[in-house]
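Participant: Show me the folded form of this:
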Amino acid sequence: MNKNLLILKGLNKDNFLKIHDIKEWDILDLKEFVKQFKSIRKTKYNHIVCGYQDLSDKNLQYPIQFFLLLLRANKKYFLDDQGIIKNISFLRFIFFDTPLFILEIIYNLLLILSSWLTLFIFNLLPQKRLFRFARNDKRSANSKTIVYLRTDNFRGLQEGGSFTHFRGVIKGFSELGYKIQYIGSGRIEVPNVDFPEVVIPYPKKINLPEIPEIYYNWRFIPKALKIIKKQKPLFIYQRHSIFNVCGAVLSQITGIPLILEYNGSEPWVRQKWGGLLIFKRLCYFMENFSLKRAKIITVVSKPMKEELIKRGLPEGKILVNYNGVDIEEFNPNIDGLKIKKKLNLEDKIIIGAVSTFGAWHGMPVLAQAIKPIVQQFQIPNSKFQIHFLFIGDGVQRPECERIIREAEMENYVTFTGTVSYTEIPKYLAACDILVSPHVPNPDGTPFFGSPTKLFEYMAMGKGIVASNLAQIGEVLKDRQTALLVSPGNIDSLFYGIIELIKDGDLRNTLGRNAREEVVKKYTWQQNVQNLLSFFKNS
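Facilitator: Numbers count the residues shown, from 1 in each chain. So this is what the prediction gives:
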């Protein structure tokens, strides 16, 4: 059998495996490839492929080429989701790619220095309008326009909690009569809501990480400034992103208030879960710059507020505003039968979890609980035929697949891969039990999340098994709206799921109560109304 290696750098693995036999390929994400590089050097491969979402994005291509040239293989090449192939050539690497990379490094150094200097000067200036034209702009306090900035480099991704939050907030503002002007790094659709979009894409010709995020500020600010001058919005709303000061600078230039949506310290998250952070001091400086210049900082949990207060931010400008749900989009009347038929699961009790497989989502814990749960019902004439549905994709999916494969549980589990956000309610409707197996932060810091899927589960009216962890344990009440289990504890999760499998009446009662609770307290319109009230009173 030919031995091949696939290194994932954004490539859709599911599409790749539709035309390749998984048994012939070792598949690693980039982080695992780096960890195992020494052992990989000892192996001779037929093909070594590094898979990108889009090969026009040069992110890390030069360093990856360098490492691949040190490996043994009959053929080495890059591949992207469009099927474009770029062969790796030693001569091209030496005489073309390397000189360009040296020039790029020189440019990057100049960019870092100029960014430091510019922000240092801004930091010395008072927090008020800086330029004369701004003083002549008479912004009405009754303006119904909001400029929404989305400045993270999401590379076409449209799934996950951050996008659910975006769509919910946009729809909430729209339902309350506000006009949204969106300016961001990519297009995002919101069902049944029309709003003007201006897309300012990230640069793609840069190899080194962090540089695109730093450069993006100076590409974004001049273009956004023209739009803001014309719109004269009530406020600028920005989802905080790493190395980004766009909202803060635009607010200081125009005098228009900035509301900063803060979902945790970006440099902290990058260091803990995203790997290396090269320009750490600059990253924290830029984050503090944005936080200090925001009129309001909106956070989704109490631990986030406490963290900001410890960093010296005034308590009075921080709003704790839990995530929410669209109760029309997610409701108990959605028919999940088509999904059950599609997956050939009509006669099964389905235990489902939707996830982007982040480190805090606890999906490996759920994967480890599957074998003992299945074994409980592997008896002759059992009336319970069960199946697990892992909805979504992400970095910890390979680990979950390995756990399930080694436990020989593949026949009891379906991985859907990435599912469109419009299809998520149908997949949840196909489930009988929904699981939120979140785990504490490994470094002992408080769990600061507000999982959007938690509120979606509640809105679906399904029986829920969830970790009794921070906000999850505040929103859900044990044996009233869910069964709460010990975070990260496989046995506790096992017993919770087993109880709901066996007790259909309890599932129905918990689901009905959860739906009533979420309708009463946690809709996106209520979320937005909280924000607007806080703004008017600040």
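Participant: Which secondary structure element of the protein has the lowest mean pLDDT?
Facilitator: Counting by mean pLDDT, DSSP states H and E, the weakest-scoring helix or strand in the chain turns out to be helix 132-136, with a mean of 47.
Participant: Please, where are all the strands along the stretch 301-450 of the chain?
Facilitator: Listed in chain order, the strands found in the stretch 301-450 of the chain under DSSP state E, counting those that start in this stretch are 318-320, 349-354, 386-391, 413-415, 433-436.
Participant: Buried deepest among those, which one?
Facilitator: When the strands of the stretch 301-450 of the chain are scored by mean count of other CB atoms under 10 Å, the highest mean neighbour count falls to strand 433-436 (a mean of 28). Placement of C-beta: from N, CA and C, glycine included.
Participant: Show residues contacting the helix or strand just after that one.
Facilitator: Moving toward the C-terminus from strand 433-436, the next helix or strand (DSSP states H and E) is helix 452-460. The contact list for helix 452-460, computed with CB atoms under 8 Å, 6 or more residues apart in numbering, reads 161, 164-165, 168, 323-327, 330-332, 334, 354-355, 424-425, 428-429, 434, 436, 464, 466, 472, 475-476, 481, 511, 514-515, 517-519, 522.
Participant: neighbours around the closest residue to G394 other than its chain neighbours, how many?
Facilitator: Leaving aside its sequence neighbours, G394 sits nearest to F357 (CB to CB, 6 or more residues apart in numbering; 2.9 Å). Residues lying near F357 (other CB atoms under 10 Å) number 20.
Participant: which residues touch F357?
Facilitator: F357 makes contacts with 363, 392-397, 400, as judged by CB under 8 Å, 6+ apart.
Participant: Which member of those is positioned nearest L11?
Facilitator: D393 (11.7 Å; CB to CB).
Participant: Verify the contact between that closest one and G358 for me.
Facilitator: No: D393 is beyond contact range of G358, at 11.2 Å (criterion: CB atoms under 8 Å).
Participant: just to confirm, which helix or strand has F66 in it?
Facilitator: Using DSSP H and E, F66 maps to helix 61-69.
Participant: Buried residues, that helix. List them.
Facilitator: Neighbour-count burial for helix 61-69 flags 61-62, 64-65, 67-68 (criterion: 16 or more other CB atoms under 10 Å).
Participant: Check stretch 15-34 too.
Facilitator: For stretch 15-34, burial by neighbour count (16+ other CB under 10 Å) applies to 16, 20, 25-30, 32-34.
Participant: Take those residues and write them to a markdown table, including pLDDT.
Facilitator: Converted to a markdown table, the buried residues of stretch 15-34 look like this (pLDDT from 0 to 100):
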| residue | pLDDT |
| --- | --- |
| F16 | 91 |
| H20 | 89 |
| W25 | 92 |
| D26 | 91 |
| I27 | 90 |
| L28 | 90 |
| D29 | 87 |
| L30 | 90 |
| E32 | 87 |
| F33 | 93 |
| V34 | 91 |
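Participant: Widest-spaced pair of those?
Facilitator: H20 and V34 (23.1 Å).
Participant: how would you label Q271: helix, strand or coil?
Facilitator: Assigned with DSSP: H, G, I helix; E, B strand; the rest coil, Q271 falls in the helix class.
Participant: Disregarding residues adjacent in the polypeptide, which is nearest to it?
Facilitator: Distances taken as CB to CB, 6+ apart put L277 closest to Q271, at 5.0 Å, once the chain neighbours are dropped.
Participant: Can I take it that that neighbour is in a strand?
Facilitator: No: counting by three-state DSSP, L277 is located in no strand; its state is coil.
Participant: show me the contacts for it.
Facilitator: 210, 267, 270-271, 283.
Participant: Out of those, who's the most crowded?
Facilitator: C283 (23 neighbours).
Participant: and it, what pLDDT?
Facilitator: Note on C283: pLDDT of 96.
Participant: quick one: pLDDT of the spatially most central residue of the chain?
Facilitator: The residue lying closest to the centre of the chain (CA atoms, centre = their mean) is G160, at 4.9 Å. What the model reports for G160 is a pLDDT of 84.
Participant: Quick one: list the elements packing against the helix or strand harbouring L109.
Facilitator: Taking DSSP H and E as the criterion, L109 maps to helix 98-124. On a contact count with 3 or more CB pairs under 8 Å, 6 or more residues apart in numbering; DSSP states H and E, helix 98-124 meets helix 211-231, helix 280-293.
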